[in-house]
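1. Got a predicted model here, sequence first, then my questions.
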Number of protein chains: 4
Amino acid sequence: MTTQIIVLNGGSSSGKTGITRCLKAILPRPWISLGVYDLSQALPAKMRQDDAGVELGDNGEVEVGASFREAEAAWTTGIAAMARAGARVIIDDVFLGGRDSQDRLREHLDGLEVLWVGVKCDPEIAAGRETARGDRVAGMAVSQAEKVHKGVVYDVEVDTSHTESIVCARAIAEHVR
Amino acid sequence: MTTQIIVLNGGSSSGKTGITRCLKAILPRPWISLGVYDLSQALPAKMRQDDAGVELGDNGEVEVGASFREAEAAWTTGIAAMARAGARVIIDDVFLGGRDSQDRLREHLDGLEVLWVGVKCDPEIAAGRETARGDRVAGMAVSQAEKVHKGVVYDVEVDTSHTESIVCARAIAEHVR
Amino acid sequence: MTTQIIVLNGGSSSGKTGITRCLKAILPRPWISLGVYDLSQALPAKMRQDDAGVELGDNGEVEVGASFREAEAAWTTGIAAMARAGARVIIDDVFLGGRDSQDRLREHLDGLEVLWVGVKCDPEIAAGRETARGDRVAGMAVSQAEKVHKGVVYDVEVDTSHTESIVCARAIAEHVR
Amino acid sequence: MTTQIIVLNGGSSSGKTGITRCLKAILPRPWISLGVYDLSQALPAKMRQDDAGVELGDNGEVEVGASFREAEAAWTTGIAAMARAGARVIIDDVFLGGRDSQDRLREHLDGLEVLWVGVKCDPEIAAGRETARGDRVAGMAVSQAEKVHKGVVYDVEVDTSHTESIVCARAIAEHVR
């Protein structure tokens, strides 16, 4: 069956965005990318400094509140509807709850052909890339690198520690039907 | 009945983004904004230089191809689903086809409570703001300023020529139930 | 004598950047713009969260430390040298110290033909624009709107409260020789 | 003698910006970074589409015109003055003319203690990163990868093909006195 959704899960600065851009460049048909970062931008700026929204700790820990979770549920329902209507969608996500996050997303995507991709990266290397990007809160990369993969089951795994985004994208593309 | 979708239609540099940010700041509940600009960013970069995608003429005319239209239809279906699932969504759009564009969007939003907002701006003033932004192709503002409103029917109209974004947002917010 | 430097001074969200882009678009010869925002980007990211660098209070107050001041002095010396070497430079600044800031800058620009421009904006209107931009700390606009002009002497003043950037730029351009 | 200027030379997408951010993060004293990209942003937008300014060919070739060269000369004079006034400056450059570009820059930096750094990257790998960035004209990376190093003499060379930005930055930092 034709792949309808590609889910990329990985910690901050693991390289999801670069892989997403490469996938969109090399896959023959047009894919839409929509991730948790897009959702956070689509929501009111005030929710980024708010208990009910998303809170960033001094060491880069992310706390997600009830309003954000509520918006996220409707958002994901919408993405599933896009795919059911014929769009091919790449979801770029950070499973802060590991396996629980995957289960929640899986329910929303029920009946769709999903390719689950784990984007891994050595925490120290991800931390270095966080410094090189210069626009992320220091500490997010390390705090997320491992916990987002806890108990998560994948169809493909890539590791960006020593492999370029474009090479990871090609490996993933081989699994896209 | 509770407003589920706010559609803002206006030409390039008419001030839709500023009004959207103000609406998200002043409306009491969280609203998600997703516009045609977000769609163009979500699609592959190569589609921005492609017959089937979006083409920009030397004077800022925008031509939209078949692949883009196809993706847009699925995208809009998804946004409608988000709203049906409980999200409140602001759609920031440019009706290049005037009334036809509105009819197409209206069909997708069938059954939802929509507030249709016209964002107007004097073409010369919009052209000046295009220069002040510095990141848009010169000519888009003038070429779109009037044609995007042709035959379109609104619940509210604002004119940003001499009225600030925040004041326009407050006027719109009064119609949000 | 030919104008070598244009200094635009105004509070956050008063419209300096838009006017600067318009000036560069309408002035016949190429002008370089370099402002205090560029300096803050050119310095290490860590200095933006640091006593010795720039600190942002919860209500948008800006505190500038010794290391920043030291870097700023060398930076301004360099800009003066650019102008002496034939470049035409627009300096986009925020005189947090009012008259003292102007005196300090004037010393660096000694011997150069400078056009001093005050960019004023009603605090409430600037606050609304801050909301519409969505990327600034709330409160900066109001906290700076008036104090940056205290005791400062100008060759031209523009008020963006009810006048477009491009119109302000044209008024300034008339004083550029 | 104390290093006053670090010059990083490399083709588009070779990793200069990431290394620059890492250097600013790890070097104990504050460094200012100013590169040819900053200059192109500081100049009028119209110069980016202009014979006298910078022209981009369909395959990513860059042509630089007389007005740009004139502005660049004054700009570089200014950066040298910043360093003489005590600032530590990282110049991020693309020597389109190879050795000639270095000679021209060396003249401007006369009397200053400069660390010349070559940032190399396998052309194919740089092309992949160009795709992953998504905001650069395709072809620039390959067209510049080798020619910018022609005849250029360095104090240190790093190769980002298989080495992270932060690791390259540490190697460079060891040569900073």
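-> It's in.
2. which secondary element of chain A has the worst mean pLDDT?
-> Using mean pLDDT, DSSP states H and E, strand A:54-56 stands out as the lowest-scoring helix or strand of chain A, at a mean of 74.
3. That one pairs with which strands?
-> Applying DSSP bridges, strand A:54-56 is found paired with strand A:62-64 (antiparallel).
4. Quick check: buried residues in the partner strand?
-> Neighbour counts over strand A:62-64 (16 or more other Cβ atoms under 10 Å in any protein chain shown) mark A:62, A:64 as buried. The way it works is simple: take the backbone N, C-alpha and C, and place the C-beta from them, glycine included.
5. ok, residues contacting that strand?
-> Applying Cβ atoms under 8 Å, 6 or more residues apart in numbering or on different chains, the contact partners of strand A:62-64 are A:53-57, A:94, A:96, A:140, A:143-144.
6. Report all helices and strands that the strand ranked longest in chain A contacts.
-> Ranked by number of residues, the top strand in chain A under DSSP state E is strand A:114-120. Other elements packing on strand A:114-120 under the criterion 3 or more Cβ pairs under 8 Å, 6 or more residues apart in numbering or on different chains; DSSP states H and E are strand A:5-9, strand A:156-159, helix A:165-173.
7. so how far is that strand from its chain's centroid?
-> Offset of strand A:114-120 from its chain centre (Cα atoms, centre = their mean, to the nearest Å): 9 Å.
8. Touching the following helix or strand past it from outside, list them.
-> Later in the chain than strand A:114-120, the nearest helix or strand by DSSP states H and E is helix A:123-133. By Cβ under 8 Å, 6+ apart, the residues outside helix A:123-133 that reach it are A:11-15, A:121, A:136, A:138, A:140-142, A:145-146, A:160-161, D:17-19, D:21-22, D:25, D:164-167.
9. about what we covered before: now the contacts of strand A:62-64: which count as buried?
-> Buried members of the contacts of strand A:62-64, scored by 16+ other Cβ under 10 Å, are A:53-55, A:94, A:96, A:140, A:143-144.
10. Please spell out which residues along stretch A:38-57 are buried.
-> A:38-40, A:42-47, A:50, A:53-55.
11. Read off the pLDDT value for the residue nearest to residue A:86 when sequence neighbours are not counted.
-> In this structure, residue A:86 finds its nearest non-sequential neighbour in residue B:74, 4.9 Å apart by Cβ to Cβ, 6 or more residues apart in numbering or on different chains. Looking at residue B:74, its pLDDT stands at 97.
12. Next, the angle helix A:66-84 makes with the helix or strand residue B:74 falls within.
-> Element membership for residue B:74 (DSSP H and E) is helix B:66-84. Here helix B:66-84 runs at an angle of 140 degrees relative to helix A:66-84 (axes from the mean of the first three to the mean of the last three Cα atoms, to 10 degrees).
13. now helix B:66-84 and strand B:5-9, what's the angle there?
-> 140 degrees.
14. so what strands line up beside the longest strand of chain A?
-> Counting by DSSP bridges, strand A:114-120 is paired with strand A:5-9 (parallel), strand A:156-159 (parallel).
15. Just name the most buried of these.
-> Highest mean neighbour count among the strands paired with strand A:114-120 (mean count of other Cβ atoms under 10 Å in any protein chain shown): strand A:5-9, with a mean of 25.
16. mean confidence score for it?
-> The average pLDDT for strand A:5-9 rounds to 98.
17. circling back to that earlier point, go ahead and confirm the residue nearest to residue A:86 touches residue A:79.
-> No. With contact defined as Cβ atoms under 8 Å, residue B:74 and residue A:79 do not form a contacting pair (10.4 Å).
18. near chain D, which residues of chain A?
-> Applying Cβ under 8 Å from any Cβ of the partner chain, one finds that chain A approaches chain D through A:17-19, A:21-22, A:25-26, A:125, A:128-129, A:131-134, A:162, A:164-167.
19. For PyMOL, write the select line for the buried members of the residues you listed.
-> Burial among the residues of chain A next to chain D is assessed by 16+ other Cβ under 10 Å; the matching PyMOL selection reads:
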select buried, chain A and resi 17+18+19+21+22+25+26+125+128+129+131+132+133+134+164+165+166+167
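20. about what we covered before: OK, contacts around the residue nearest to residue A:86?
-> Applying Cβ under 8 Å, 6+ apart, the residues near residue B:74 are A:32, A:82-83, A:85-87.
21. Name the residues of chain A found near chain B, please.
-> A:21, A:24-25, A:27, A:30-34, A:38-39, A:42-47, A:53, A:67, A:70-71, A:73-75, A:77-87.
22. Chain C contacts on chain A?
-> A:45, A:134.
23. Quick check on the residue nearest in space to the middle of chain A: phi, psi?
-> Nearest to the mean C-alpha position of chain A, counting by Cα atoms, centre = their mean, stands residue A:93 at 1.8 Å. In terms of degrees, to the nearest 10, the main-chain angles of residue A:93 are phi -130, psi 170.
24. follow-up on the earlier one: among the contacts of helix A:123-133, which are located in helices?
-> The helices, defined by DSSP state H, take in A:140-142, A:145, D:17-19, D:21-22, D:25, D:165-167 from the contacts of helix A:123-133.
25. Can you pick out the most distant pair from these?
-> Spanning the widest gap among the ones in helices among the contacts of helix A:123-133 are A:145 and D:17, at 23.1 Å by Cβ to Cβ.
26. which stretches of chain A have low pLDDT?
-> For chain A, the stretches flagged by pLDDT under 70 are A:49-52.
27. How about stretch A:87-104, which residues are buried there?
-> Neighbour counts over stretch A:87-104 (16+ other Cβ under 10 Å) mark A:87-98, A:101-102 as buried.
28. Endpoints of that stretch, how far apart?
-> End-to-end span of stretch A:87-104 (Cα to Cα, to the nearest Å): 21 Å.
29. Just checking the distance from that stretch to the centre of its chain.
-> In this view, stretch A:87-104 has its centroid 6 Å away from the chain centroid, taken as Cα atoms, centre = their mean.
30. cool, stretch A:147-161 as well?
-> Distance, stretch centre to chain centre, for stretch A:147-161: 11 Å (Cα atoms, centre = their mean).
31. List the contacts of it.
-> With Cβ under 8 Å, 6+ apart as the criterion, stretch A:147-161 contacts A:9-11, A:14-15, A:19, A:94-96, A:98-99, A:101-102, A:115-122, A:125, A:168, A:171-172, A:175.
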